[in-house]
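**Q** Quick one, what's the 3D model for this:
(2 chains)
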Amino acid sequence: MKIPRFARPRLVLFALVPVLCMSVGLTYAARVKEFDRSGQLVVSEKSAAEQQPVYDIKNRAKEKTFAVPRPPFSEGVFPCSQCHTYLKPNPERRALTEYHTEIVLHHAEGQRWCTDCHNLMNRDKLRLVSGELLDFTESYRLCGQCHGDKFRDWKVGVHGKRTGFWNGDKQYLLCVHCHNPHDPKFKSLKPLPPPVRPGEARH
Amino acid sequence: MSEIIKNDYAHHSSRRKFLKTLAAGVGLIALPDKNASASLWEEFFQKHFRELSKEELKNVLTRLETKYGKQFSKQVTVKATPPIEGVRYGYALDLSRCIGCRRCVYACVKENNQSRDPQIHWIRVMQLNKEKGVDLSQAEHYYNPDKVPEKGHFYMPVQCQQCENPPCTKVCPVQATWKEKDGIVVVDYNWCIGCRYCMAACPYGARHFNWGKPGLPAAEMNPATHYLGNRPRPKGVVEKCTFCVQRTREQPGRYPACEEICPVGARKFGNLLDPESEIRYLIENKRVFILKEELNTQPKFFYFYAT
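**A** Residues are numbered from 1 along each chain as shown, chains lettered A, B, ... in the order given. Now for the predicted structure:
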């Protein structure tokens, strides 16, 4: 087929493009250019293996723990095993009618129910999606599964009430100290009085 | 002829004499008695805070402690803690969290000994419309609904922004207000003459004047005070937020009262020069803005959205 002269370079380019795209998947040792947190360009030599990080789930680093005050349990409810060792665990999804009736779930109740967060077999522990068991003092990891952005902010101190010393020890609160885990939406408050208008001030 | 002149002269002399004795008498009465004269004399002739030597400063603080102790019938401490080295304070407020409850306003009033009557609030909470955004001409600060937050509104508290380039310190005719090394703009209440030029210069309406004698009940008075911060003010001076200088300059430094009382954790405070502080993290990672940026005051009070 006779290819006009002006189209030849274009055709060559069109032929090469798929080849170039495929080669992106193959990684060789290369000089990698990255930006660090302060915006500086950092150039480093990385081997092929380093450029494609592999996440080793079994041997991952242990999560940092935070010292928090006692979880805000209701009166006499903890440890849960004081009742639940004698009760047969019932995994069926249902509305509770005999006990814990004051708990009304308004937190993804269409997708989950009690035993998605509370461990069915050992009620003194919470459970993560992976099956890992947590103490109630580590419940922030459970919330952090879905609310990762808030969890990241909380770890740095940007989310949530901050008490302590700005250049010393800071006090962390659990998520549940402010947010009721079963009904997390904050109730509205009555505001404190507005300032007096200049005309209304006594002279 | 000479007799007439003699008579006139005698008449003038006696009136003159009378006026002289009258002036002397009034002068004697006006002089304060021995006990009060020492402190009044010292207060009148007190030098500018930045010119005081260590000895003089100690005397000033003791004098003030006695004065306030008598005034409020309780043990009052007046400190003059200097700024901490290598610190520049920054404040951040999370607009996605503030619900406009005004607890910060009243915590500040309690901590900083503000006059209850006539009422002075160092923090002013603006109610803004979510659709109109940050448009200060549409702000409402006398809002008083039954419940906050009101639907469709967000809340923005405003207080002294502790500007890096403060217009208020430039216009003070007596240099009674200046920016300290840690960034806090302070007022020496004993030097302020009450002309209110600084109030005219401040674009944020953050300075407040004591039009009347401050009404501060002794029971509600916070006795831990700082000379440049929350000590009880006299009538006729300007006051404003000092980032709780009496708390933040301690070692270890406490948070300002407004930051601690906020029930939703909308307020963040820290050292801008510390790369690990939460204030640095959120300036680097969140959407941050400052008020009236076009005026180049370079405030250190940042508003941000955490979400």
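**Q** mind checking how far the closest residue to A:H84 other than its chain neighbours is from chain B?
**A** Nearest residue to A:H84 in three dimensions, chain neighbours excluded: A:R123, at 4.2 Å (C-beta to C-beta, 6 or more residues apart in numbering or on different chains). (Each C-beta comes from the backbone N, C-alpha and C, glycine too.) Using C-beta to the nearest C-beta, to the nearest Å, A:R123 is found at 30 Å from chain B.
**Q** Which pLDDT value goes with A:R123?
**A** A:R123 is assigned a pLDDT of 86 by the prediction.
**Q** Let me know how buried it is, in neighbour terms.
**A** 20 (other C-beta atoms under 10 Å in any protein chain shown).
**Q** Does it touch A:C80 like I think?
**A** Yes. With contact defined as C-beta atoms under 8 Å, A:R123 and A:C80 form a contacting pair (3.6 Å).
**Q** so what's the residue nearest to A:H84 up against?
**A** By C-beta atoms under 8 Å, 6 or more residues apart in numbering or on different chains, A:R123 lies in contact with A:C80, A:S81, A:H84.
**Q** near chain A, which residues of the stretch 101-250 of chain B show up?
**A** With C-beta under 8 Å from any C-beta of the partner chain as the criterion, the stretch 101-250 of chain B meets chain A at residues B:101-103, B:105-106, B:117-119, B:121, B:124, B:141-149, B:248.
**Q** residue ranges of the strands in chain A, please?
**A** A:30-35, A:41-46, A:126-127, A:133-134, A:163-164, A:170-171 (DSSP state E).
**Q** just checking, which of the ones you listed sits deepest inside the structure?
**A** strand A:126-127 (a mean of 19; mean count of other C-beta atoms under 10 Å in any protein chain shown).
**Q** Which of the contacts of A:R123 are buried, as a PyMOL select command?
**A** Here is the PyMOL command that picks out the buried ones among the contacts of A:R123, judged by 16 or more other C-beta atoms under 10 Å in any protein chain shown:
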select buried, chain A and resi 80+84
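**Q** from the contacts of A:R123, which single one is nearest B:N113?
**A** Distance to B:N113 across the contacts of A:R123 (C-beta to C-beta) is lowest for A:C80, with 48.7 Å.
**Q** gap between the spatially most central residue of chain A and chain B?
**A** Note on chain A: the residue nearest the mean C-alpha position is A:G148, at 2.0 Å, using C-alpha atoms, centre = their mean. A:G148 sits 13 Å away from chain B, going by C-beta to the nearest C-beta.
**Q** Just the pLDDT at the spatially most central residue of chain B, thanks.
**A** Nearest to the geometric centre of chain B sits B:E239, at 2.6 Å (C-alpha atoms, centre = their mean). Listed pLDDT for B:E239 reads 96.
**Q** beta partners for it?
**A** B:H208 (DSSP bridges).
**Q** which residues touch it?
**A** B:Q114, B:I120, B:W122, B:V187, B:Y189, B:R207, B:H208, B:F209, B:N210, B:R233.
**Q** And it, how far from A:D135?
**A** According to C-beta to C-beta, to the nearest Å, B:E239 and A:D135 sit 49 Å apart.
**Q** Double-check that B:G90 belongs to a helix.
**A** No. Using DSSP: H, G, I helix; E, B strand; the rest coil, the assignment for B:G90 is strand, not a helix.
**Q** Double-check it against B:L272; I have them as touching.
**A** Yes. Counting by C-beta under 8 Å, B:G90 does reach B:L272; the two are 4.0 Å apart.
**Q** which residues do the two both contact?
**A** Counting by C-beta under 8 Å, 6+ apart, the residues touching both B:G90 and B:L272 are B:G183, B:I279, B:R280, B:I283, B:K300.
**Q** Now, those residues that are in helices?
**A** Of the shared contacts of B:G90 and B:L272, the ones assigned to helices by DSSP state H are B:I279, B:R280, B:I283.
**Q** Tell me the most packed of the residues you listed, by neighbour count.
**A** B:I279 (24 neighbours).
**Q** for that one, what are its contacts?
**A** B:G90, B:Y91, B:A92, B:K268, B:F269, B:G270, B:N271, B:L272, B:F302.
**Q** what about 10 Å?
**A** By C-beta atoms under 10 Å, 6 or more residues apart in numbering or on different chains, the residues touching B:I279 are A:157-158, A:166, B:88-92, B:268-272, B:300, B:302, B:304.
**Q** And the pLDDT for it?
**A** 93.
**Q** before we move on, what about A:T115?
**A** pLDDT at A:T115 comes out at 86.
**Q** Run a quick neighbour tally on the closest residue to it other than its chain neighbours.
**A** Distances taken as C-beta to C-beta, 6+ apart put A:P91 closest to A:T115, at 6.1 Å, once the chain neighbours are dropped. Number of residues near A:P91 (other C-beta under 10 Å) recorded here: 10.
**Q** OK, now which residue of the stretch 1-150 of chain B is nearest to chain A?
**A** Nearest to chain A, among the residues of the stretch 1-150 of chain B, is B:K147, at 3.6 Å (C-beta to the nearest C-beta).
**Q** That residue reaches A:L189, doesn't it?
**A** Yes. Look at B:K147 against A:L189 with C-beta atoms under 10 Å: they come within range, at 6.8 Å.
**Q** buried stuff in stretch B:173-185?
**A** B:A176, B:T177, B:W178, B:K179, B:E180, B:D182, B:G183, B:I184, B:V185.
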